[in-house]
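Asks: Could you work out the structure for the sequence below:
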Amino acid sequence: MALMDVLVTGASSGFGALTVRALAARGHTVFAGMRDLQHRNAAAAAALRDEPGDLRAVELDVTDQGSVDAAVDGIEHLDAVVHNAGHMVLGPAEAFTPEQWVELYDVNVVGTQRVNRAVLPRLREQGSGLLVWVGSSSTRGGCPPFLAPYFAAKAAMDALAVSYAAEVIRFGIDTTIVVPGAFTSGTNHFAHAGAPADAERAAAYDERYGTFMDELAPRLASLTPADADAGAVADEIARVVDLPFGERPLRTHVDPSRDGSEVVSAVADRIRVEFFRRAGIDDLLTPNAAL
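Replies: Modelled structure (predicted):
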């Protein structure tokens, strides 16, 4: 196993915080990207100093190209990036303003583009690298309601990752999409979920749906085994990072709720492989581009 220098975005909490620790424990040098190191995430950054391994907090706001560029410029060598930064919202789709949709896409989708534009020139020049995208089973699985902006953004990010995979492989850059299921504990996704700004329209749904949204997280939790551990997502990311070039899967699922995303993705990825072969561009596929 080759030790790598890895940048992880959104490392202050959730899967990101778990991932930086899992990678550092395996001996990798890890740059934990998080915003507002001086105030909001000062405690999260300080906590890294007590962790084993080479783990360094870096100021990085994926919604600000200047912040992203400065973070990447400050890293002497880089082998891999884990696109983890994201934000979830909960509420009726209609009640979110267009501006809120734009903000959510900015964090979950455009943020990855800002990071890619900062790191890919370096990875292309060195002829090697790895992009790990932290997706969501919601893009193809059970897809419960009242999470529409988040699900739509994650679906867009997934499509972006698939396109990037074929566009960077000739530069020796690998791609893996790690797809977590609905972990309702072990992260703060539901606790920190945003709410719609249009309270009047949100209230209009109360008459028909009542306490549905309050019950959603417990309902999803009931589908998940009691011993489900969000750390399994971090461990899977670390496993992918450890694999040699060409042996990594395009997509891997960690979904204890078994919402069906893995089945749909297996079909979709096989169809993509078959289409690439029919089009004569299958050299853009890795051996593990589909199950």
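Asks: need the strands for the stretch 1-150 of the chain, in chain order.
Replies: 5-8, 29-34, 55-59, 80-83, 129-134 (DSSP state E, counting those that start in this stretch).
Asks: Now do the fourth one: everything it contacts.
Replies: For strand 80-83, the surrounding residues in contact (CB atoms under 8 Å, 6 or more residues apart in numbering) are 4-9, 16, 19, 111-112, 115-116, 119, 129-134, 157, 161, 237, 241. (C-beta placed from N, C-alpha, C; glycine too.)
Asks: Tell me where the stretch 1-150 of the chain has helices.
Replies: Along the stretch 1-150 of the chain, counting by DSSP state H, counting those that start in this stretch, helices occupy 14-25, 42-48, 65-73, 98-105, 111-126, 148-168.
Asks: So for Ala85, which of those helices sits nearest?
Replies: helix 111-126 (5.5 Å; CB to CB).
Asks: can you give me the mean pLDDT across the closest one?
Replies: Helix 111-126 carries an average pLDDT of 98.
Asks: Hey, what's the angle from it to strand 129-134? Just curious.
Replies: Interaxial angle of helix 111-126 relative to strand 129-134 (axes from the mean of the first three to the mean of the last three CA atoms, to 10 degrees): 160 degrees.
Asks: which other helices and strands contact helix 111-126?
Replies: With contacts defined as 3 or more CB pairs under 8 Å, 6 or more residues apart in numbering; DSSP states H and E, helix 111-126 has these neighbours: helix 65-73, strand 80-83, strand 129-134, helix 148-168, strand 173-180.
Asks: Nearest to His192, out of the ones you listed?
Replies: Nearest to His192, of all the helices and strands packed on helix 111-126, is helix 148-168, at 11.9 Å by CB to CB.
Asks: Show me which residues of that closest one are buried.
Replies: Buried residues in helix 148-168, defined by neighbour count with 16 or more other CB atoms under 10 Å: 148-158, 160-162, 164-166, 168.
Asks: related to what we said a few turns ago, mean pLDDT added to the helices and strands packed on helix 111-126, as a markdown table?
Replies: Converted to a markdown table, the helices and strands packed on helix 111-126 look like this (pLDDT from 0 to 100):
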| stretch | mean pLDDT |
| --- | --- |
| helix 65-73 | 98 |
| strand 80-83 | 98 |
| strand 129-134 | 98 |
| helix 148-168 | 97 |
| strand 173-180 | 97 |
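Asks: will you turn the ones you listed into JSON lines that also has distance to Pro287?
Replies: As requested, the helices and strands packed on helix 111-126 are arranged in JSON lines below (distance: least, CB to CB, whole Å):
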{"stretch": "helix 65-73", "distance to Pro287": "30"}
{"stretch": "strand 80-83", "distance to Pro287": "19"}
{"stretch": "strand 129-134", "distance to Pro287": "16"}
{"stretch": "helix 148-168", "distance to Pro287": "13"}
{"stretch": "strand 173-180", "distance to Pro287": "11"}
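Asks: who wins for proximity to Phe275 among these?
Replies: So among the helices and strands packed on helix 111-126, helix 148-168 is nearest, using CB to CB, at 11.2 Å.
Asks: The closest one vs helix 111-126, what angle?
Replies: 10 degrees.
Asks: just checking, what packs against helix 148-168?
Replies: For helix 148-168, the packing partners by 3+ CB pairs under 8 Å, 6+ apart come out as helix 98-105, helix 111-126, strand 129-134, strand 173-180.
Asks: one more time with 10 Å
Replies: Under the contact criterion of 3 or more CB pairs under 10 Å, 6 or more residues apart in numbering; DSSP states H and E, helix 148-168 touches strand 80-83, helix 98-105, helix 111-126, strand 129-134, strand 173-180, strand 251-254, helix 261-279.
Asks: Select, out of the ones you listed, the one closest to Gln65.
Replies: Judged by CB to CB, the one of the helices and strands packed on helix 148-168 that comes nearest to Gln65 is helix 111-126, at 5.0 Å.
Asks: what angle separates that closest one from strand 173-180?
Replies: With the same axes, to 10 degrees defining the directions, helix 111-126 sits at 150 degrees from strand 173-180.
Asks: Would you mind writing the CA trace of helix 111-126 as CSV?
Replies: Extracted in CSV, the C-alpha atoms of helix 111-126 (Å, rounded to 0.1, in the frame of the first residue of the first chain):
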residue,chain,number,x,y,z
GLY,A,111,-18.1,23.2,-4.6
THR,A,112,-16.6,20.0,-6.0
GLN,A,113,-16.0,21.8,-9.3
ARG,A,114,-14.1,24.6,-7.5
VAL,A,115,-11.9,21.9,-5.8
ASN,A,116,-11.4,20.0,-9.0
ARG,A,117,-10.3,23.2,-10.9
ALA,A,118,-7.7,23.8,-8.1
VAL,A,119,-6.3,20.2,-7.9
LEU,A,120,-6.6,18.7,-11.3
PRO,A,121,-3.8,20.7,-13.0
ARG,A,122,-1.4,19.3,-10.4
LEU,A,123,-2.8,15.7,-10.7
ARG,A,124,-2.7,15.8,-14.5
GLU,A,125,0.8,17.1,-14.5
GLN,A,126,2.1,14.3,-12.2
